[in-house]
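Q: Here is a sequence together with a model predicted from it:
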Number of protein chains: 2
Amino acid sequence: MAPLPSTAVLLRRRPEGEPRPDDFEIVHRPCPDPEDGQLRLEVLWLSLDPYMRGRMSAARSYVEPVGIGDVMAGQAVCRVESSRHPGFAPGTLVLAGSGWCTAALSDGTGLIRLDPAPAPLTAALGVLGMPGLTAYAGLAEIGRPKAGETVVVAAATGPVGSAVGQIARKRGCRAVGIAGGAEKCRLLVEHFGFDAAVDHRAPDFPARLKAACPNGIDVYFENVGGAVWDAVLPLLNDFSRVPVCGLVSQYNATALPAGPNRVPDVMRAVLSRRIEIRGFIVWDFAHRAGEFRREVGTWVADGSMRTLEHRVEGIERAPAALVDMLAGRNLGKVVVKVAPGAPD
Amino acid sequence: MAPLPSTAVLLRRRPEGEPRPDDFEIVHRPCPDPEDGQLRLEVLWLSLDPYMRGRMSAARSYVEPVGIGDVMAGQAVCRVESSRHPGFAPGTLVLAGSGWCTAALSDGTGLIRLDPAPAPLTAALGVLGMPGLTAYAGLAEIGRPKAGETVVVAAATGPVGSAVGQIARKRGCRAVGIAGGAEKCRLLVEHFGFDAAVDHRAPDFPARLKAACPNGIDVYFENVGGAVWDAVLPLLNDFSRVPVCGLVSQYNATALPAGPNRVPDVMRAVLSRRIEIRGFIVWDFAHRAGEFRREVGTWVADGSMRTLEHRVEGIERAPAALVDMLAGRNLGKVVVKVAPGAPD
C-alpha cells in the first residue's frame, strides 16, 4: 500500500442565495494508507441530492452543516481499495458517506454492503436507496394512500417524485406528477406511467393542476414548496395528508416572498378541511427499510418500477451539477461517475 | 296544549369583519303545538361558542352556513315542555341543537338525554360537552402528550383551553396557558392549576412565552392563530404536534395580514423539526365520547377538574355576548340563561 492520489471537493464558503460552482474548491491531495482497523474506499458513484443545499448553510436544521474547508458531504457507492479492517476485504462494494472525493478512509462505521446482482449499482443511490425509502416510507407513514385516491407529487421526474407516483399507482391511486417543461411531463406519463402530468411553468398552471385532479387531492407529497404549494392548497380534500420531505424551491431564497402573509389561509384550510401536514426525514422511518427493500426490490427486478438517471462524469463536475439540479436543469436522479472505470 | 309565546334570534345579514349585535334580529312569534311524533322544547341554557362566527359566513367550511333570516344555530340544554313523541316524556332534560330561541319543535332526532345528577346542567355545554370533548380527543388523537412534555394552549380560560391544560397536567405534562390580561392569567394558575400563564397582550409576549417554556413546546393546541401562532412556531420542538381546532383571532379578518408571506417559514419549520399540524373538528372523534365522559366525568365529580362559567341572562343578550366572546371580553365558558327559572 501507498498513499493514493485523490481529488476532493471542499466547501469554500456558504452561498448567499443560489449556490455557484466557485462556492466549492477542488483540491488534490493523497489519501493516506489505512491504519489498523481502517480501510480505504475508492469512490465509484457519488449521489447528488437536494438536501445538500441545506448542508451548505448554517441555518438551523436536522443535521450539522458542512464546515468551511471541509469535504462536502454525500453518499456514494464505493469499492474497498485496501483494508486493515477485519470486516471488509478489498473489492467489497459498499454504500458509504464518503463525501465528495475520489478516495476516503473509513473505520467501517455506517458502511452498508451492496449486492451488485439484483440491480445496477447506482440504484443504491436512488430507487433502492435514500430517495426510494423517502418516497416509500413517507407514503406509508404519512400519506397513507387508499385505492381510488389522488396522489400528487412535484419534482416528479426526480428519484423521490418518480417513486412516489409509481408506488401510488401500485396502491391503486391516481398519480399526478408536476414537473418543469414538456419533456419532463412527457416522461412522467410515457416512462413512469403517471396518470397525468402538469407543467408548473405553464402560465395557467393552477387551472391545469385542477383539471388534472377532478376529484381533488388526497395526498400531496411535498418536496418543493412555493408556487406549487400555493396551487395545491385549494385542491386538498377533507382529511388529506401532506408529507413534507423537502422544499427545494425555497432553499436558495434569501428573503421571504412579498405579502400578503398567507399563513392564515393555510391554517384555515388545515382546520376546515382537517388536513394533516407533517415533516419527516428519511431516517425517522429507518424501521421501514427492510420492508422497503423487499417490496421495491421486487418491482425493480421485475421491471415494473422504472428509473431515470442523469449521469455526470468526473468529480470536478459535481459543483456545477448540484447547482443545475437545484435549478431543475437535470432529468432524473443525478449521479456523478467518480471512478472512470466504475461498473454500472 | 296551545301555541307557546317564543322569542328567537335570526341572522339578519352576514357580517363584514367583526360581527355586530344588529347583524341579528330578535323576533317574537308563537311556537306551534307539536304534531304527532313531535315534541316541544323549552330552552333553558344556550351555549355560545367561537365556531358560531363561521356559521354566520358563507365561506367554505365543514358545515353549511346559517341562512339569512334563519334562527341562529346553537346547542342548548332544554326541557321537554310538551310531547306527542313516544320516546320523550314532558319534563325530560335533553341536549339539543335548538338554535337561539326560547322554544322549539323537534322530532327527537339528535336529542341527547341529560342526567342532572352528577354535574351542573350547564356542564353539558362545556367541560362534559362539545368543548370538553374537543380538548380531550384533540389531545388524545393528535397531541399525544407524554409525561414530562410541555403543552401550550391559548384562549386558556375558555372551556377548551382550560380543559386542555388540566388534562395535560393529569398526563404528567407542563401546562402553559396563554390568555389576554392579568386577571385571566391569574386564574390560569390559581384556579385551573396551569404551571405558567402568559399574557398575549404584553409587548414582550414572545420572550415571555419562551421563558415559560424552557424546554420548548411539544404540543401546541391551536385554537387562536395569528400572533400567538407566530410566537409559538420558533419554540416548537422536534416531533412536536399541533392539533388545530380553531382560529378565533382570524375569524373576523376581512383581508390577509400584510407581508412578507411567512408560509415558507412555517413549512421550513415543519420540515426541519418534523412538526405535525393537523386540523380536526370534534365530531371527527365522536368515537372517543364514551371514554371521555367516563374519565372527565370522574374528574368533575371529584373536583379535580375545574370549570369557569360566564353567565349571561336573557336570549336577547346573546348577540352582544357572542360579539364580546369573539373579542375575548368574557371570562370562561359563555352560557346564556334563556329560561328565567332554569335550574343549574
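A: Sure, I can see it.

Q: which stretches of the stretch 1-150 of chain A form helices?
A: Applying DSSP state H, counting those that start in this stretch to the stretch 1-150 of chain A gives helices spanning A:51-55, A:130-138.

Q: mean pLDDT for those: which is lowest?
A: Least confidently modelled of the helices of the stretch 1-150 of chain A is helix A:51-55, at a mean of 93 by mean pLDDT.

Q: Against which helices or strands is it packed?
A: With contacts defined as 3 or more CB pairs under 8 Å, 6 or more residues apart in numbering or on different chains; DSSP states H and E, the packing partners of helix A:51-55 are helix A:318-326. All C-beta spots, glycine's among them, are computed from the backbone N, C-alpha and C.

Q: what pLDDT, on average, does the helix it packs on get?
A: Helix A:318-326 comes out at a mean pLDDT of 96.

Q: Can you point out the buried residues in it?
A: For helix A:318-326, the neighbour count (16 or more other CB atoms under 10 Å in any protein chain shown) marks A:318-319, A:321-326 as buried.

Q: tell me which of the residues you listed is nearest to chain B?
A: Distance to chain B, by CB to the nearest CB, is smallest for A:Leu326 among the buried residues of helix A:318-326, at 15.7 Å.

Q: Tell me how many other residues crowd the residue in chain A that chain B sits nearest to.
A: Closest to chain B within chain A is A:Gly259: 1.5 Å, counting by CB to the nearest CB. A:Gly259 has 13 neighbours, counted by other CB atoms under 10 Å in any protein chain shown.

Q: most neighbours per residue, which of the helices of the stretch 1-150 of chain A?
A: Highest mean neighbour count among the helices of the stretch 1-150 of chain A (mean count of other CB atoms under 10 Å in any protein chain shown): helix A:130-138, with a mean of 26.

Q: remind me which residues of chain A are low pLDDT?
A: Counting by pLDDT under 70, chain A has low-confidence residues at A:1, A:60, A:118.

Q: what's the domain layout of it?
A: A:7-126+A:307-337, A:130-300 (automatic domain parsing).

Q: Ranking those domains by mean neighbour count, which comes first?
A: Most buried among these, counting by mean count of other CB under 10 Å: domain A:130-300, with a mean of 21.

Q: could the domains of chain A be laid out in CSV, adding distance to B:Glu42?
A: Formatted as CSV, the domains of chain A follow (distance: least, CB to CB, whole Å):
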stretch, distance to B:Glu42
domain A:7-126+A:307-337, 59
domain A:130-300, 34
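
Q: OK, contacts around the closest residue to A:Ile167 other than its chain neighbours?
A: Once flanking residues are discounted, A:Ile167 sits nearest to A:Leu139: 5.7 Å by CB to CB, 6 or more residues apart in numbering or on different chains. Counting by CB atoms under 8 Å, 6 or more residues apart in numbering or on different chains, A:Leu139 makes contact with A:145, A:151, A:164, A:167-168, A:171, A:219, A:221, A:243.

Q: Kindly report the same for A:Arg278.
A: Counted by CB under 8 Å, 6+ apart, A:Arg278 has contacts A:142, A:241-244, B:270, B:274-278.

Q: host element of it?
A: In this assignment (DSSP states H and E), A:Arg278 forms part of strand A:276-279.

Q: Quick one: list the elements packing against whichever helix or strand comes after that strand.
A: Going down the chain from strand A:276-279, the next helix or strand is helix A:289-301, by DSSP H and E. Judged by 3+ CB pairs under 8 Å, 6+ apart, helix A:289-301 is in contact with helix A:130-138, helix A:159-170.

Q: Can you tell me what sits against the last one?
A: Identification of contacts with helix A:159-170 by CB under 8 Å, 6+ apart yields A:126-127, A:131-132, A:134-136, A:138-139, A:145, A:151, A:153-156, A:174-177, A:179, A:188, A:192-195, A:219, A:221, A:223, A:245-246, A:296, A:299, A:304-308, A:332-333.

Q: cutoff 7 Å now
A: Here helix A:159-170 makes contact (CB atoms under 7 Å, 6 or more residues apart in numbering or on different chains) with A:126-127, A:131-132, A:134-136, A:139, A:145, A:151, A:153-156, A:175, A:177, A:192-194, A:221, A:223, A:245, A:305-306, A:308, A:333.

Q: Likewise for stretch A:24-35?
A: By CB under 7 Å, 6+ apart, stretch A:24-35 touches A:1-12, A:40, A:72, A:82-84, A:103-105, A:316, A:319.

Q: Is chain B within reach of stretch A:237-256?
A: Yes - contact between stretch A:237-256 and chain B, assessed by CB under 7 Å from any CB of the partner chain, occurs at A:244, A:247, A:250, A:253, A:256.

Q: can you list those residues in JSON lines and add distance to A:Lys210?
A: JSON lines is the format used below for these (distance: CB to CB, whole Å):
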{"residue": "A:Val244", "distance to A:Lys210": "22"}
{"residue": "A:Leu247", "distance to A:Lys210": "22"}
{"residue": "A:Gln250", "distance to A:Lys210": "23"}
{"residue": "A:Ala253", "distance to A:Lys210": "26"}
{"residue": "A:Leu256", "distance to A:Lys210": "26"}
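
Q: From these, which land in strands?
A: A:Val244 (DSSP state E).

Q: for the residues of stretch A:237-256 next to chain B, which one is nearest A:Phe292?
A: Closest approach to A:Phe292 among the residues of stretch A:237-256 next to chain B (CB to CB): A:Val244, at 19.3 Å.

Q: Next, the contact list for that closest one, please.
A: A:222, A:277-279, B:267, B:270-271.

Q: Return the distance of stretch A:310-330 from the chain's centre.
A: 13 Å (CA atoms, centre = their mean, to the nearest Å).

Q: what residues does that stretch touch?
A: Contacts of stretch A:310-330 (CB under 7 Å, 6+ apart): A:7, A:9, A:19-21, A:24, A:26, A:46, A:48, A:50, A:52-53, A:100, A:102, A:180, A:248, A:251-252, A:331-338.

Q: Just the CA coordinates for it, please, in PDB.
A: Provided in PDB are the C-alpha atoms of stretch A:310-330 (Å, rounded to 0.1, in the frame of the first residue of the first chain):
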ATOM      1  CA  HIS A 310     -28.800  11.800 -15.100                       C
ATOM      2  CA  ARG A 311     -25.100  10.900 -15.200                       C
ATOM      3  CA  VAL A 312     -22.300  13.400 -14.800                       C
ATOM      4  CA  GLU A 313     -18.700  12.300 -15.500                       C
ATOM      5  CA  GLY A 314     -16.000  13.400 -13.100                       C
ATOM      6  CA  ILE A 315     -16.000  14.700  -9.500                       C
ATOM      7  CA  GLU A 316     -14.800  18.100 -10.700                       C
ATOM      8  CA  ARG A 317     -18.200  18.500 -12.400                       C
ATOM      9  CA  ALA A 318     -20.100  17.800  -9.200                       C
ATOM     10  CA  PRO A 319     -20.400  21.500  -8.100                       C
ATOM     11  CA  ALA A 320     -22.000  22.600 -11.400                       C
ATOM     12  CA  ALA A 321     -24.200  19.600 -11.400                       C
ATOM     13  CA  LEU A 322     -25.500  20.400  -7.900                       C
ATOM     14  CA  VAL A 323     -26.200  24.000  -9.000                       C
ATOM     15  CA  ASP A 324     -28.100  22.700 -12.100                       C
ATOM     16  CA  MET A 325     -30.100  20.200 -10.100                       C
ATOM     17  CA  LEU A 326     -31.300  22.800  -7.600                       C
ATOM     18  CA  ALA A 327     -32.500  24.800 -10.600                       C
ATOM     19  CA  GLY A 328     -34.200  21.800 -12.200                       C
ATOM     20  CA  ARG A 329     -31.800  21.500 -15.100                       C
ATOM     21  CA  ASN A 330     -31.500  17.800 -14.700                       C
END
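
Q: quick one on the thing from earlier: farthest-apart pair in the contacts of A:Leu139, please.
A: A:Arg171 and A:Pro243 (14.1 Å).

Q: Up against chain B, what does chain A have?
A: Contact residues (CB under 7 Å from any CB) of chain A with chain B: A:60-62, A:225, A:244, A:247, A:250, A:253, A:256-268, A:270-281, A:284.
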